[in-house]
Each structure stands twice: as C-alpha cells, then as structure tokens.
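J.: sequence plus predicted model, see below.
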Amino acid sequence: MNSVFQNETIREILTKYRRIWAIGHAQSVLGWDMEVNMPKEGILERSVAQGELSVLSQEFLLKPDFVELVEKAKSIEDLNEYERGVVRVLDRSIRISRSFPPEFLREMSEVTSQATKAWEEAKRTDDYSKFEPWLDKIIDLAKRAAEYLGYEEEPYDALLDMFEEGLRTKEVERMFDKLEKELKPLLERIMEEGKVPQSHPLEKEKYEREQMEKVNLWILEKFGFPLGVRSRLDVSAHPFTTEFGIRDVRITTRYEGYDFRRTILSTVHEFGHALYELQQDERFMFSPIAGGVSLGIHESQSRFWENIIGRSREFAGLIYPVLKENLPFMTNYTPEDVYLYFNMVRPDFIRTEADVVTYNFHILLRFKLERMMLNEGVKAKDLPELWNEEMERLLGIRPKSYAEGILQDIHWAHGTIGYFPTYSIGTLLASQLYYHMKKDIPDFEDKVAKAKFEPIKAWLREKIHRWGSIYPPKELLKKAIGEELNPDYFIRWVKERYL
C-alpha cells in the first residue's frame, strides 16, 4: 500500500500518534461492549477505565515533543493535501484539549455522571425536580466551556464548533428561519390533503425478533454490507454505529416486537453511518484523518440511506417479497401499504419518533432553548414551560408530562449542548446530495428498485467518503458538490415526496 504521507516530520508525527489511535481503538471496543454485552453492574469499573484512558490519551496529545512537532509541521509549505489534513485535525484537537483546565474536565465528568443518573430517575418517575438542579450545573459548565474555548460573536458559537467545525449560530438561525417559514404551511397542506396517512394498521402488527432479523440481514446483504468480514450487526437498547478502524465497523439495531418500520429504518440509518467509515481510503489507516469529518456530514450519510432510499416507493417494492416471506400478516398488505406506512406524517411529542417533515421542528425547539440558556440567562426552572410553549407554537401539540417533553433526551445530562443542530444539518444535506447524485445517476430510482446499489455507493465514496477528515465540512462540500448546505433542496424534496 503506497503511503500518502511522504514528509519526514509528518511520518514522525504519525508514529507518535499511533499510541493515541490505539487508546481510541480500545475505548471504542469498551464502549461497544458496554452497550452490547456488558452486564448492568459493570458500569462503575467500565466508566473508570474509560475515564483513565481518556486522561492517558490527552497526556499523549499534549506531550511537549508531540505539540512541537505539530507546530513545526504548520510552517512546512510543501505538504500535500493529506499531510495538511493531518496537521489541521491535530492542531484543532490540541487547541480544544488545551482550552480546558484539568479541574474543569474533572468537574464536567463528575457532574455529567451524576446528572445522567438524576435524569434517568427523573424520566422514570416523571419528576423534573430531580434533574433541575443538575441541569443548572450543566448550563453553568456550558457557559464556562464557551469562555475557555473563546468565540467572536456569541457563546453558543464555541459549542457549535465543538460538534460541527466552522458552524456559527447565525448560520443555524438562518437555516431554521427558512425551514420554519417554508415547512409550517407545507405541513398543514400535507395533513389536509392526505396523500400520506397520519397512521397505518401496520404500526400495530406484531412480529418475532427472528423474523425481522432475517429481513434486516437480507437488506444489508442487498446493500453489500460486509457482515462477518469487516462488520457486524448486533442488538442494543439504542441503535448506534462504532468504528474500531477502517476494517472493523459495527452497527446495532433494536427489536421491539411491533411497528417493524422502526427496526428496518434504524438498521438502514446505521448502515449509512457505517458505509462512510468502510469506504475510507485505506492509506489513512492509523492516522487522524481516517473517519468521518463531522457529525453533520456523518448524519447526512445515515439520513441519505434512511430517508432518500429507505422511505422510497422503490425500496418498499424491493423489500416487500422478503417481508411477505417472513411476516404472515403481510399477505393482507401491498407494497404501496409499506410505502405509506414508512411515510406517515403527524406531529409527535418525541423527537426520535418524528417523521421526516416534522423532525426539524424538534431540533429548532432545542436550538432556541440552548441559545437562551447561554445568552439570555434562562434557568432550568424556566425550561419546561418554554419547551411546552414552543412545541405548541411549532406543532400544535402540548406535552402532558415531563417525560414526553423536557426530559425525553439524554443529551443535556451528558453536557452536550450544541449537538442538536447537527441532526438537522444531516437531514437537509441528505436531500441536497440526492439531487446532485441524480445529475450523475439519472436512473437512481430504477437502481434502488433493482437493488443495484454499487453506483450509489461509488458516488458517495468518490464525493464524500474517500476524503476522510482531510477537509473541514464546508470545504468538503464545496469540493464534492460545488456549494455549501442549502435548505432549498430539502424543501423541494418534501414537496415532491409528500404533495
């Protein structure tokens, strides 16, 4: 395998970086095992192990000789694009790690661990008061984190940039202003005209886990997922994807025994994440430019497979025979039923169960509240009512409990304020990539109907996957499709799909 790293300083950096990579590899294995195999009471020791490995990784990253090498590389003018990518990624990682004093990181770890326990109990008992004091501490930590990181316009910018490099609050605000203006009247029309249903009998049909396992494996085989060679499919409470490296990428799904749409779309969604990692350039192995560049770009890959392909009429027709073969009740339904069932539209309290049309309103709500926490001094006691008012304004529904409102997500308990907008970025970008792909693959729908996914995968590999983390997100998009994120494509897609 020819190396893309020729510069001696870069080679020296990568030799030292391998230890950091190895720690990350071990943490991925431990994290995957914690969700898939670990017995419940193993959590304490596993948390300590993960924490110690994080400290060790940071120590290696901030070692003076390693930092000096990266600084030296920044002044080398004749680096190739891959080598410049290594320097960019490591320089950013060092800058972020250096921003936080050790005592702050320790406090963050302790508070979020206890906040997570408090959130779980609060959600279980529907008692917000158990979580409220911890959320105030999380908000305070988020404000301090923003000050440590620094920002030009407002504190929320610093937190957004942590999760989506280069993203600014004013860009997110423009994006949501556009979506709210365009999507609210569209949602009303979709609900009134009834081209897609608000509910479907297939939601209530029950299945055995073994039946849907066969369906999911069949779908993954059609997609060309290298099960047993470079990948696995397992079961966890919350579906996720984890990469141990370019040659070992694992996904999970869940089986609830009813509403089979959820297990299929979860599996297809995670496949999209996994494909991004599997189609990396193998010459990036063990380097910091291996892996997806950002949460938003990563989410665009999963949403592309879930929404553009997984909810298409062609995909419904493709999977209908295997559904009929494994689910006896499918004799009462048609491929069109499957399509309509996968594309139901109705306002829902729960973000993770929201349809494609209403999903972004859930993210807009969280974005507004997070910004108010950081910029306007809003306290945890104010948030439930603000949440309910905004939900009623956006979707015309008002939560009847904390669990279906303010307590539904674990993100704030984990301290990840600024994360939510990346979900909308991925959702919007998926449709934008689709329209650009259609220029090169005009018979896209026919390819899906016939399970000819290789040209689709090849396009994604060429435009997005093979570049790993060489370029920051905006630069990658300019290189791939000649433009930055544009919500107009998503609005067009919604009109074409649902009206």
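T.: It's in.

J.: list the residues that contact residue 154.
T.: Residues near residue 154 by C-beta atoms under 8 Å, 6 or more residues apart in numbering: 169, 371, 374-375. In short, each C-beta sits where N, CA and C put it, glycine included.

J.: quickly note the distance from it to residue 106.
T.: Applying C-beta to C-beta, to the nearest Å, the value for residue 154 to residue 106 is 27 Å.

J.: which stretches in the stretch 201-350 of the chain count as helices?
T.: With DSSP state H, counting those that start in this stretch as the criterion, the stretch 201-350 of the chain has helices at 209-223, 261-278, 295-303, 313-326, 335-342.

J.: which residues does the shortest one contact?
T.: Same thing as helix 335-342. Helix 335-342 has contacts (C-beta under 8 Å, 6+ apart) with 196-197, 200, 202-203, 261, 265, 310-313, 316-317, 319-320, 323.

J.: what's the neighbour count on the residue nearest to residue 216 when sequence neighbours are not counted?
T.: Spatially, and ignoring its direct neighbours in sequence, residue 216 is nearest to residue 267 (4.6 Å; C-beta to C-beta, 6 or more residues apart in numbering). By other C-beta atoms under 10 Å, the residues close to residue 267 number 27.

J.: return the distance of residue 267 relative to residue 330.
T.: 18 Å.

J.: and if you look at residue 491?
T.: In terms of C-beta to C-beta, residue 491 sits 34 Å off from residue 330.

J.: now residue 235
T.: Distance of residue 235 to residue 330, computed by C-beta to C-beta: 23 Å.

J.: out of the contacts of residue 154, who's nearest residue 87?
T.: residue 169 (27.6 Å; C-beta to C-beta).

J.: surely the closest one meets residue 157?
T.: Yes. With contacts counted by C-beta atoms under 8 Å, residue 169 reaches residue 157, the gap being 5.3 Å.

J.: show me what contacts the residue nearest to residue 216?
T.: By C-beta under 8 Å, 6+ apart, the neighbours of residue 267 are 216, 219-220, 233, 239, 251, 253.

J.: next: residue 417.
T.: 138-139, 142, 159, 370, 373-374, 411.

J.: one more pass at 6 Å, please.
T.: 142, 159, 370 (C-beta atoms under 6 Å, 6 or more residues apart in numbering).

J.: just curious, which of the residues you listed is nearest to residue 461?
T.: For the contacts of residue 417, the nearest to residue 461 is residue 159 (31.7 Å; C-beta to C-beta).

J.: got the contact list for residue 470?
T.: Taking C-beta under 6 Å, 6+ apart, we find residue 470 in contact with 81, 85, 289.

J.: could you measure from it over to residue 28?
T.: For residue 470, the distance to residue 28 - C-beta to C-beta - is 21 Å.

J.: give me the residue at the spatial middle of the protein.
T.: residue 299 (4.3 Å; C-alpha atoms, centre = their mean).

J.: find the nearest non-adjacent residue to that one, please.
T.: Here the residue nearest residue 299, using C-beta to C-beta, 6+ apart, is residue 426, at 2.3 Å.

J.: repeat that for residue 93.
T.: Of all residues apart from its sequence neighbours, residue 61 sits closest to residue 93 (C-beta to C-beta, 6+ apart), at 6.2 Å.

J.: equivalent analysis for residue 100, please.
T.: Closest to residue 100 by C-beta to C-beta, 6+ apart is residue 148, at 5.5 Å.

J.: please apply the same query to residue 147.
T.: residue 155 (7.2 Å).

J.: my read is that the one you found contacts residue 145, right?
T.: No. Counting by C-beta atoms under 6 Å, residue 155 does not reach residue 145; the two are 8.8 Å apart.

J.: just how off-centre is stretch 235-247 within its chain?
T.: Distance of stretch 235-247 from the chain centroid (C-alpha atoms, centre = their mean, to the nearest Å) equals 12 Å.

J.: again, but for stretch 162-182
T.: Relative to the chain's own centre, stretch 162-182 is displaced by 16 Å; criterion: C-alpha atoms, centre = their mean.

J.: okay, buried residues for that stretch please.
T.: For stretch 162-182, burial by neighbour count (16 or more other C-beta atoms under 10 Å) applies to 162-165, 167-169, 171-173, 175-176, 178-179, 182.

J.: now, which of the residues you listed sits nearest residue 224?
T.: Nearest member of the buried residues of stretch 162-182 to residue 224, counting by C-beta to C-beta, is residue 164, at 29.2 Å.

J.: all strands of the stretch 151-300 of the chain, in order?
T.: Along the stretch 151-300 of the chain, the stretches classed as strands by DSSP state E, counting those that start in this stretch are 231-235, 241-245, 248-253.

J.: of the ones you listed, which stretch is the most buried?
T.: strand 248-253 (a mean of 23; mean count of other C-beta atoms under 10 Å).

J.: that one pairs with which strands?
T.: Using DSSP bridges, strand 248-253 pairs in its sheet with strand 231-235 (parallel), strand 241-245 (antiparallel).

J.: columns mean pLDDT and distance to residue 96 on top of the ones you listed, output as TSV?
T.: Listed next are those as TSV, based on pLDDT from 0 to 100; distance: least, C-beta to C-beta, whole Å:
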stretch	mean pLDDT	distance to residue 96
strand 231-235	97	30
strand 241-245	96	21
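
J.: reformat the ones you listed as a markdown table; add distance to residue 393.
T.: Shown next, in a markdown table, are the strands paired with strand 248-253 (distance: least, C-beta to C-beta, whole Å):
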| stretch | distance to residue 393 |
| --- | --- |
| strand 231-235 | 38 |
| strand 241-245 | 34 |
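
J.: what separation do you get for the closest residue in space to residue 461 that isn't next to it in sequence and residue 454?
T.: Excluding its sequence neighbours, the residue lying closest to residue 461 (C-beta to C-beta, 6+ apart) is residue 279, at 4.3 Å. For residue 279, the distance to residue 454 (C-beta to C-beta) stands at 12 Å.

J.: comparing these two, which residue is more hemmed in?
T.: Neighbours were counted for residue 279 and for residue 454 using other C-beta under 10 Å; residue 279 has more, 20 against 11.

J.: the residue nearest to residue 454 when sequence neighbours are not counted and residue 269, how far apart?
T.: Spatial nearest neighbour of residue 454, excluding adjacent residues (C-beta to C-beta, 6+ apart): residue 224 at 7.0 Å. Computed as C-beta to C-beta, the residue 224 to residue 269 distance reads 17 Å.

J.: more neighbours: the two, which one.
T.: The neighbour comparison of residue 224 against residue 269 (other C-beta under 10 Å) goes to residue 269, with 23 against 13.

J.: contacts only, for the closest residue to that one other than its chain neighbours.
T.: Computed as C-beta to C-beta, 6+ apart, the closest residue to residue 269 that is not its neighbour in sequence is residue 306, at 4.1 Å. Each residue near residue 306 by C-beta under 6 Å, 6+ apart is listed here: 265, 268-269.

J.: quote the end-to-end distance of stretch 225-233.
T.: End-to-end distance of stretch 225-233: 10 Å, with C-alpha to C-alpha, to the nearest Å as the criterion.

J.: so which residues make contact with it?
T.: Contacts for stretch 225-233 (C-beta under 6 Å, 6+ apart): 247, 249-251.

J.: how long is stretch 321-331 end to end?
T.: OK, stretch 321-331 end separation, C-alpha to C-alpha: 10 Å.

J.: what's the closest non-adjacent residue to residue 459?
T.: residue 437 (5.3 Å).
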